[in-house]
Every structure is written in C-alpha cells, then in structure tokens.
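Asks: all I have is the shape, not the residue letters:
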C-alpha cells in the first residue's frame, strides 16, 4: 500500500433523533417496566440517560463531582434531577421538560432530597424502583448515596433494571444503526489512510495519536479507545498500548478502535505489515480468521443466538487445529457503549433480532505466544447480516516502510 | 490574532513513574489505612487503580463487561484480580506482580470468588475493607456484585475509603505535576493555534474536532472533554456543545478542555472574539475575571483553604457588583481526574498543601443571561502558587474572521 493520503471527505452531519424516536423508546421501556413490575427507573449512567432522555453532554461524564439522575416512571412525567449548572444543557438537548435542580456541589446532599421527592411522587403499583445494578452496569453516583436513597424512598424497594435497558438497546432503530455505520465509515477511512500516517521513526504512541487525529478530522466526535499491538512478525496483546516502541520493517501491527459519532461507537480493528510481507504462519492464521469472520457474519441472522455466532467462528478455527484467542468471546453487542451485551460465547443464548448490532471478532494464538484478531461490525436484518464496516482485506496489507 | 499556524513542537515523552514513586504512594496509603482502621482497600476505579498499581490501559475503562479489582492490604502482597485477557497488559505496566485471573466474560461470577479468596487471605486487625463508596466516587463494578462481595467476605465489613484516596491524591509528586504541566503546555499551544484552526463556514462541531486533533498532534493522549459556547457578543453555557451552530463575525466563543497526557489532565479554557472586538460590557467582565483569577492564584498558598481561594476571587467580583456564575464553585482539584476534590467554594475547608494542584475558575453573569469564565491551573508550592498554564491574555484576543 502506497503512502498517498486518503482525502478527507466532508460528510453531512446526521440529523438529531426525532421526538417520535424517543416516544417509541419510552413506550417500549414502559411495556418492559410493566412486565418487570417496576414503578419507575432511576437512571444514572451516560448511555441510558442519553438513550432514554436524549440528554447529551460531555460534562457530566468527565467529572464525578456532581451526579445526574433521570427518573422514568411507568406512568406520569419523566423527570430530570440535575445540578443547576446543567439546566441549560439539558433544555438544549433533551425532550424531557420536567426538571428539578439543586445548587451543586453540595457534598452533604447531592440532590438526594429531590430524588426522594420525585420517587415518592410516582404512582405506586409494585413498590419497586429499578436502578442499574446488574451485569455490565456502572452506576453514575456514589454507592453511599444510593444506599441513602434506598432508605429515603421507602416503601419503594430498589431492584435491578439492567435487563430492561439491555432488552431495549438490543434492538437498534434505523437512526441508531446509521450512527454506528457513519462511525464505521470514518474509522474505515482512517484505516485506509494508514500508509500515509505511519512514518519511519514513529513510536506506537505517535501513530495512535495521528490515527485518532485523523478520525477526528474525518468526523469522529471522540476517540476514547485506540489500542495497538506491534512486533516483529506479530503482536502479543490486542487490548494494550500504545507504548514508546518504535516501528521496524518486518513488524505486523494491529490498531483496534472504539470511536464515537453522535453518541454511537464503532469497534473494529485492522492489521498491517510494515515493509515486507508477513510470514507464512501469519498469512495462514489471517486467512483462517478471514474465513471464521465470514462464518460469523453468515451466522448472525434473526433467531440465531450469540452462542451460535461464536460456534460458527470457532468451528473454522478448530477444524484447522488452531488455538482460540484468550479474549473469552468472539465479538459482542455494540452501540452507545463500545461493548454491549450479548457476548458471542458458549452459554450466551441471547436471541439476535432485526436491529441487533454486533461485532464479529475471532482471534487465534500462533507461533511463540502471538495473537491475531479480526473484527467487523454488522447489523442483523431480515435477510441476515448487513456489514457496517468495509470488509478488511483478505490478506494483511503491506505498507511501504 | 493572525491565522499563522503555530508549528508543532515535538516534545520528548516524560519517563514512566519510578518504582520508588509507587512504594512511596503505597507507604502513605498504608499509613492512612492504619489511621482509618482499614485492613485492605478493594479498588475498582480507573484513577485509583492507576494511581496505586500503575496499571495503565484504555481497555478496562471503555468496556463495562469485565470488572478489574486491585486489593491493597495494610500488610502483605498487593494483588491484581483481573480478567485473563488483561494479564499481559497488567504485567507490562504495573509494579504489582501478584495476579489472580479468571476467564471473563463469566456473567455468573466475574471474579467474585477470587476477590473473596484474596480478601479472606488478608491479615484481619479491624475487620474493615475500604471500597470507593463516598463523595465523588464511581465504582468500577456492578453494585449487585458489590453486594454479593459484602456477603462473601464476612467477617470483614465494607466501608468507605474515599477519604484515604482523596488525602493521598491531594498532594501530587513532582513527577505527577510534570504531567499536568505537560498537558497544560500542549493545550496552551493548541489554544494559541486557534487563529489558524477556525475557518469561515465552520460549525462549533467542526472547530472542536480540529482543536482536539490539534492537541493530539501536539502530544495529548486523549481528549475526552472539549466543551464550547459561542454566540453574538457572548455565550450562555460553559459546559455544553459542540452544536451545529456556524460561527459569525462578532461572536465571542469559549473552549474549555480536559485533555490527558500520561494519565493526567489539564482543565482550562480560553475566550476568543471573531473578527471584531468584544463589547465594552464583555471587556469589563473579562478584565474583572482576570483580576479575580489573579486574586485566586495569590490566595492558593500552603495552609490556605479551598474556601479562601473562592473568597479571594468572589471578593473581586462582588466589590464590582457582579453576579457570580452558576457553576457552584470557582475551581477545584485536578490530576488523574478532570475534577478532583477540593472545591473552591464556601464551606470547603480542605487545607492546601505543597503539591496540591488546583484550577482557578471564576465566572460571572452579564448582559441578557450571558456567562463569561476564566480558568488557569496551578500547583501550590512553598512559595505560593506556580502556574501550570500560560496565563490567558488580559484582553479577549480577536481572531481574523
């Protein structure tokens, strides 16, 4: 691959989500809340507040000083309970117009009395309020405050609601899928520009900075994740770096990126060889992973399970006698978070639906502890998987170096 | 200010923290643990795992699928309890060489049995294990799993340890301060390059992407926070955006950025006017904020409190009859997180020490609901505050437009 830079294509921004979209999400959420016997959900995580309320901010998630709460009752008005300095930001981005606010920071009571008042105003049918407690959750408030809220809102009990938000987000709307697709296009262009980015003398750190900058210039909003592995003939980890290691002719390197556009992630990687073709061993593994990826893509149909998608990929590698990578799964859900449920692994019987967005990510161990990995992103449609990434080349591209 | 681009100065990377640095942190941590009667701390947040164990990764904090635990006992071996796929990454970056790992994802038991085994192996003097529960904490594991751990580790009780990590991190070592300073230099250069970045036809979104890319090309590792406010003659929020608003001649805009180098943040902002000088009202407020900032810098001495630093700034504005901004404080601690304790506000009696890193951030309301803000970063030394940012210009710079 030559060093010619790929021109930056200026793409029109995707439109904001419609009011209809949020009404539809709310309706689905409330149906699930009824099924799960929840009177309300008290939401504090970035992904779920943004998903349900449309509130978009960088601020709330970069400073833990002030918590932000969103209360979605099964019946009645959804309510933002937020620090005073955030009211303008909330009004500018959310469809929810009932706002309670307090002057924050106020460490002795960060909005807890307002949370109490809002929860006790909810129509009580089941005496249960859902909070993000279960698998893969991270609450956006101190646990000590959650424990205080638990005592303040009796007779309501706090129970887990991750199964509700998980089920909601497992099916992406067309507008959500378009955002993942856009981010995949942007990152794909930056990967195609790799030959122009990598220069003699660069360290992993240098290249990762340039790659992130390139994605931003092509339209990414944020580049929170860009891991790199490099080494002579291959790399030994796919989740770490960048380090101060300088690239050398004969290296194989991988960049794996989770970058964000319009509140949605891509998550895929690409492999490159520097200056000379990879070894026959690396070529063979790469070809097998290419085939395993094809098998995973083919298996990602409505009605199949995440475990089926794993099995299809694993079979290709196992039939060839290859050791599976140590990642613990061969891909996962993708959307507002870089990794969402389900996990493509044995035992995950989540049924894929039209609108499920997945990564297909087989990995294999070879040589002296080296690992090689592929990754593509797709959406499940009625007619099977539709790729959101441009498929990686069948052979590892060799960059001039 | 003309449009000439500021050349990118290639700076040498700062060296990694020494083993001595981590031994010193551990020693201080253990002294505080003794004072607080903690047998161990079970740490799960990015900032505190990185601070205590040196473990550096992008992966763990971008995917909530797998939790990562670090157990620091008051006596005996510190232990990493981490997913198998992270062992190579841990060994490459942490000084801690006792590692327990499990094949993850394993939703039924994400390392909880290992946490139990590790905690029950701790020498029990007080029967208390500290976990990040208190003010400004965000735990890095699901609350439901924490509740399971609570039951599994009896007779140990789980109690808050945020006062320990807060007190530890309130005093930065010279190597930590250098990282904040480096990040301030990088962001300062990108701010000085603003005249070359902003182009006719740009939206806030376009400019923020270019600004983030510029910081990366100048050596930033990550650009998680870059808020912008813009409008004719001034802006009305300092924590939101970017939006699709196109810049116009006569605008005043602000960018506030929290970007990261070597695991440490800068957090400061700069104001600009486009094409013509700001109004007299804006000039007057800017001048007052400049003076308030000076007063805050002067007040940031060892032995002063965060409340004193607030009062010094507020006095300048109040003496001039100016309405204070709605941010709730005039600056805060800074380091591994974009906002750390203390808060420069009435009632925060945290005593500043040599090595405390602070932002000074007065804001004022003017005109029809407009806000203007200044921000500088400093470290408290024996001789008073030393600026880590290059001081903002006394007058709002006017960019060609």
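Replies: Perfect, I can see it now. The structure presented is a predicted model; accordingly, all values stated were derived computationally and were not measured.
Asks: low-confidence stretches in the stretch 51-200 of chain A?
Replies: For the stretch 51-200 of chain A, no stretch is flagged by pLDDT under 70.
Asks: helices of that one, residue ranges please.
Replies: For the stretch 51-200 of chain A, applying DSSP state H, counting those that start in this stretch gives helices covering A:59-62, A:87-93, A:112-120, A:143-152, A:162-170, A:174-192, A:194-197.
Asks: mind putting those in TSV, distance to residue A:104 included?
Replies: (Each C-beta comes from the backbone N, C-alpha and C, glycine too.) Below are the helices of the stretch 51-200 of chain A laid out as TSV (distance: least, Cβ to Cβ, whole Å):
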stretch	distance to residue A:104
helix A:59-62	11
helix A:87-93	11
helix A:112-120	11
helix A:143-152	12
helix A:162-170	25
helix A:174-192	31
helix A:194-197	42
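Asks: quick one: those as a markdown table, columns for distance to chain B and mean neighbour count too.
Replies: Below are those laid out as a markdown table (distance: least, Cβ to the nearest Cβ, whole Å; neighbours: other Cβ atoms under 10 Å in any protein chain shown):
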| stretch | distance to chain B | mean neighbour count |
| --- | --- | --- |
| helix A:59-62 | 4 | 20 |
| helix A:87-93 | 4 | 18 |
| helix A:112-120 | 12 | 19 |
| helix A:143-152 | 4 | 17 |
| helix A:162-170 | 8 | 20 |
| helix A:174-192 | 11 | 22 |
| helix A:194-197 | 11 | 20 |
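Asks: out of those helices, which is closest to residue A:288?
Replies: For residue A:288, the closest of those is helix A:174-192, at 21.2 Å, according to Cβ to Cβ.
Asks: by contact count, what packs against the closest one?
Replies: Applying 3 or more Cβ pairs under 8 Å, 6 or more residues apart in numbering or on different chains; DSSP states H and E, we find helix A:174-192 packed against helix A:204-217, strand A:251-261, strand A:264-265, strand A:268-274, strand A:357-360, strand A:376-381.
Asks: I'd like the next helix or strand past the longest one.
Replies: Of the helices and strands lying after helix A:204-217 in sequence (DSSP states H and E), the nearest is strand A:222-232.
Asks: what's that next one in contact with?
Replies: Strand A:222-232 is contacted from outside by A:204, A:207-208, A:211-212, A:215-216, A:235-242, A:245, A:247-248, A:250-260, A:267, A:338, A:370-371, B:58-59, B:62, B:216, B:222-224, using Cβ atoms under 8 Å, 6 or more residues apart in numbering or on different chains.
Asks: any idea which of the helices of the stretch 51-200 of chain A gets closest to residue B:106?
Replies: In terms of Cβ to Cβ, the element of the helices of the stretch 51-200 of chain A nearest to residue B:106 is helix A:162-170, at 16.5 Å.
Asks: tell me the angle that closest one makes with helix B:143-152.
Replies: 150 degrees (axes from the mean of the first three to the mean of the last three Cα atoms, to 10 degrees).
Asks: which residues touch helix A:162-170?
Replies: With contact meaning Cβ under 8 Å, 6+ apart, helix A:162-170 is reached by A:25, A:28-29, A:32-33, A:36, A:38, A:41, A:43, A:47-48, A:51, A:130, A:132-137, A:333, A:335-336, A:340-342, A:350, A:353, A:355-356, B:142.
Asks: how deep is the residue in the stretch 251-400 of chain A that chain B sits nearest to tucked in, by neighbour count?
Replies: Across the stretch 251-400 of chain A, the shortest distance to chain B (Cβ to the nearest Cβ) belongs to residue A:339, at 3.9 Å. By the criterion of other Cβ atoms under 10 Å in any protein chain shown, residue A:339 has 24 neighbours.
Asks: next: residue A:256.
Replies: Look at residue A:256: counted by other Cβ under 10 Å, it has 22 neighbours.
Asks: just the pLDDT at it, thanks.
Replies: Model confidence at residue A:256, given as pLDDT, is 98.
Asks: now for it: which residues touch it?
Replies: Contacts for residue A:256 (Cβ under 8 Å, 6+ apart) come out as A:225-228, A:238-239, A:267-269, A:373, A:375.
Asks: as TSV, those with pLDDT would be great.
Replies: Shown next, in TSV, are the contacts of residue A:256 (pLDDT from 0 to 100):
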residue	pLDDT
A:225	98
A:226	98
A:227	98
A:228	98
A:238	92
A:239	94
A:267	98
A:268	98
A:269	98
A:373	96
A:375	98
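Asks: so which of these wins on neighbours?
Replies: Within these, neighbour counts (other Cβ under 10 Å) peak at residue A:267, which reaches 31 neighbours.
Asks: from memory that residue sits against residue A:359, does it?
Replies: Yes. Between residue A:267 and residue A:359 there is a contact under Cβ atoms under 8 Å: 5.4 Å.
Asks: including distance to residue B:18, could the helices and strands packed on helix A:174-192 go into TSV?
Replies: Formatted as TSV, the helices and strands packed on helix A:174-192 follow (distance: least, Cβ to Cβ, whole Å):
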stretch	distance to residue B:18
helix A:204-217	20
strand A:251-261	29
strand A:264-265	36
strand A:268-274	32
strand A:357-360	39
strand A:376-381	41
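Asks: residues of the stretch 201-350 of chain A that sit close to chain B?
Replies: Within the stretch 201-350 of chain A, the positions adjacent to chain B are A:205, A:209-210, A:212-214, A:216-217, A:219-227, A:236-237, A:239-240, A:243-244, A:258, A:326-329, A:332, A:337-339, A:341, A:343, A:345 by Cβ under 8 Å from any Cβ of the partner chain.
Asks: mind giving me the PyMOL command for buried ones among those?
Replies: Only the buried entries of those go into this PyMOL selection, using 16 or more other Cβ atoms under 10 Å in any protein chain shown:
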select buried, chain A and resi 205+209+210+212+213+214+216+217+219+220+221+222+223+224+225+226+227+236+237+239+240+243+258+326+327+328+329+332+337+338+339+341+343+345
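Asks: per-domain residue ranges of chain A.
Replies: Using automatic domain parsing, the domain parsing of chain A gives A:19-169, A:174-399.
Asks: now do the contacts for the closest residue to the residue of the stretch 251-400 of chain A closest to chain B other than its chain neighbours.
Replies: Closest residue to residue A:339 apart from its sequence neighbours, by Cβ to Cβ, 6 or more residues apart in numbering or on different chains: residue B:63 at 3.9 Å. Residue B:63 makes contacts with A:337-339, as judged by Cβ under 8 Å, 6+ apart.
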